[in-house]
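Q: Structure of the sequence below:
(one chain, ligands or ions: 1)
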Amino acid sequence: MNLCSPKTVRELMDKYGLAPKKGYGQNFLINSAIPERIAGSAAAGGDVGFDGFGGFMEGVCALEIGPGIGSMTVELSSYFEKVIAVEIDKGLIPLLEETLAECDNVTVVNEDFMNVQADALLSELAGDMPVCVCANLPYYVTTPVLMKLLEEYPLSGPSRFRSITVMVQTEVADRICASAGSGDYGSLSVSVALHGTAEKLFTVSAGNFLPAPKVSSSVVQITLHENGIYDVWDKAPKDKAACDKFAARVKKLIALAFLQRRKTLVNALSSEIPKEKTEAALSELGIRSDIRGEKLSARDYCALAAILYK
Ligand code: SAM
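A: Next up is the predicted model:
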């Protein structure tokens with residue numbers, strides 16, 4: 001069964017008395033080359049183009065959020081030893097039982113991913129396997145899902161997630177991958193950079209979905225830092241508890257800096273940190289005191305936190 005044929009999508013939805021639910025961001029892929037390329041890129045750790053990826057990820061689990069009718073799930077099941085697919089829509093569960101009948105390494109979980117205890121679920125179903133996340137994310141919940149994934153594991157150590165390969169709105173992809181000082185740079189960019197390295201792999205036009213969304217989409221891959229925050233700032237405290245406290249402070253600085261991004265950093269932080277203290281810290285780092293938070297990288301925020309909370 002070609003799960004990406006528009007005719008098959010419509011027939012399956014009719015058979016189970018379903019229609020795409022806008023509220024759940026249901027836009028199904030109707031070009032089989034796309035889920036093949038996304039799943040192959042998730043497995044290979046980089047864009048594999050339309051040639052696919054020949055390898056098999058023995059001992060590695062894929063976590064998919066929102067399998068829909070299962071078009072990408074089928075691809076993932078051929079690359080990964082185990083696939084866990086979390087789908088919010090109860091109506092799609094019997095349909096997925098039919099479309100994934102031959103994929104005996106797939107477990108479908110009917111839950112809102114935002115309510116899932118991800119590590120507990122993964123441990124229960126995949127033991128201690130490392131995990132690659134792969135999803136065509138529903139756009140209404142992209143940022144919360146990404147932040148939940150990034151924050152599932154503390155920055156004092158490695159994440160269980162090796163990589164997060166997701167299709168998102170192109171505008172969001174640009175923000176995820178933006179570098180400090182660029183127009184798209186914001187709290188999402190710096191938060192992602194704290195946890196990993198993001199790369200935009202390719203763009204997918206609206207005509208590849210049923211129904212077609214109003215916006216274009218892009219696939220991004222975040223490769224999680226192997227050593228948590230130490231890959232950004234190797235002087236972070238060595239003690240685990242102290243390191244997590246330090247990471248929380250870095251995140252707090254970032255949140256304050258971007259809450260009022262038009263203000264200078266000194267003013268934006270002033271509700272928590274006296275202006276003279278921030279000015280002195282910036283001067284110690286050789287940074288102008290009238291700089292705005294949007295010019296600083298994740299590493300700069302770590303360096304600043306190290307001085308401010310000495
Ligand atoms: N993977 C399919 C594809 O590429 O054709 C479907 C992708 S569709 C953009 C998003 C999917 O996520 C839908 O199946 C939707 O029901 C599901 N979904 C939406 N919100 C969710 C949530 N909070 N938790 C789990 N699944 C969710």
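Q: Tell me where the stretch 101-250 of the chain has helices.
A: 118-126, 142-150, 170-177, 187-195, 240-259 (DSSP state H, counting those that start in this stretch).
Q: packing partners for the fourth one?
A: Helices and strands touching helix 187-195, as assessed by 3 or more CB pairs under 8 Å, 6 or more residues apart in numbering; DSSP states H and E, comprise helix 142-150, helix 170-177, strand 217-224, helix 240-259, helix 298-308. In short, each C-beta sits where N, CA and C put it, glycine included.
Q: now that helix: how far from the chain's centre is it?
A: On the basis of CA atoms, centre = their mean, to the nearest Å, helix 187-195 sits 11 Å off its chain's mean C-alpha point.
Q: One more: the shortest one?
A: Between the centre of helix 170-177 and the centre of its host chain there is 11 Å, according to CA atoms, centre = their mean.
Q: Count the neighbours of the residue of the chain found nearest the ligand for me.
A: Nearest residue of the chain to the ligand (CB to the nearest ligand atom) works out as residue 66 at 2.0 Å. The number of residues packed near residue 66 is 22, by other CB atoms under 10 Å.
Q: What's the per-residue pLDDT of it here?
A: With respect to pLDDT, residue 66 scores 98.
Q: one step back: closest to residue 29 out of the helices and strands packed on helix 187-195?
A: strand 217-224 (9.9 Å; CB to CB).
Q: Using TSV, lay out the helices and strands packed on helix 187-195 together with mean neighbour count and mean pLDDT.
A: Putting the helices and strands packed on helix 187-195 into TSV (neighbours: other CB atoms under 10 Å; pLDDT from 0 to 100) gives the following:
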stretch	mean neighbour count	mean pLDDT
helix 142-150	18	98
helix 170-177	21	98
strand 217-224	22	98
helix 240-259	18	97
helix 298-308	20	98
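Q: The ones you listed into TSV, with extra columns for distance to residue 233?
A: Rendered in TSV, the data for the helices and strands packed on helix 187-195 read as follows (distance: least, CB to CB, whole Å):
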stretch	distance to residue 233
helix 142-150	17
helix 170-177	20
strand 217-224	16
helix 240-259	8
helix 298-308	3
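Q: and of the ones you listed, who's closest to residue 39?
A: strand 217-224 (10.7 Å).
Q: partners of that closest one in the sheet?
A: Sheet pairing for strand 217-224, assigned by DSSP bridges, gives strand 161-169 (antiparallel), strand 196-204 (antiparallel).
Q: Now the closest residue in space to residue 110 that isn't next to it in sequence: which helix or strand?
A: Leaving out its chain neighbours, the residue that sits closest to residue 110 by CB to CB, 6 or more residues apart in numbering is residue 93, at 5.2 Å. Using DSSP states H and E, residue 93 sits within helix 92-99.
Q: I figured the residue of the chain closest to the ligand hits residue 86, correct?
A: Yes. Residue 66 lies in contact with residue 86 (CB atoms under 8 Å); the separation is 7.4 Å.
Q: Mutual contacts of these two, please.
A: Contact with both residue 66 and residue 86 is made by residues residue 113, according to CB atoms under 8 Å, 6 or more residues apart in numbering.
Q: Pull the distance from stretch 61-70 to the chain's centre.
A: On the basis of CA atoms, centre = their mean, stretch 61-70 sits 14 Å off its chain's mean C-alpha point.
Q: er, stretch 253-261 I mean
A: On CA atoms, centre = their mean, the centre of stretch 253-261 falls 21 Å from that of its chain.
Q: just to revisit the earlier point, can you give me the buried ones in the helix holding residue 93?
A: Of the residues in helix 92-99, 92, 95, 96, 99 count as buried by neighbour count, 16 or more other CB atoms under 10 Å.
Q: Identify the residue nearest residue 89 in space, chain neighbours excluded?
A: Nearest non-adjacent residue to residue 89, counting by CB to CB, 6+ apart: residue 24, 5.6 Å away.
Q: circling back to that earlier point, which helices and strands does the helix holding residue 93 pack with?
A: On a contact count with 3+ CB pairs under 8 Å, 6+ apart, helix 92-99 meets helix 6-15, helix 71-79, strand 80-87, strand 106-110.
Q: Grab the most central residue of this protein for me.
A: By CA atoms, centre = their mean, the chain has its centre lying nearest to residue 146, at 3.8 Å.
Q: hang on, the earlier thing: just send the helices and strands packed on helix 187-195 back as a markdown table, with distance to the ligand too.
A: Listed next are those as a markdown table, based on distance: least, CB to the nearest ligand atom, whole Å:
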| stretch | distance to the ligand |
| --- | --- |
| helix 142-150 | 7 |
| helix 170-177 | 13 |
| strand 217-224 | 9 |
| helix 240-259 | 23 |
| helix 298-308 | 27 |
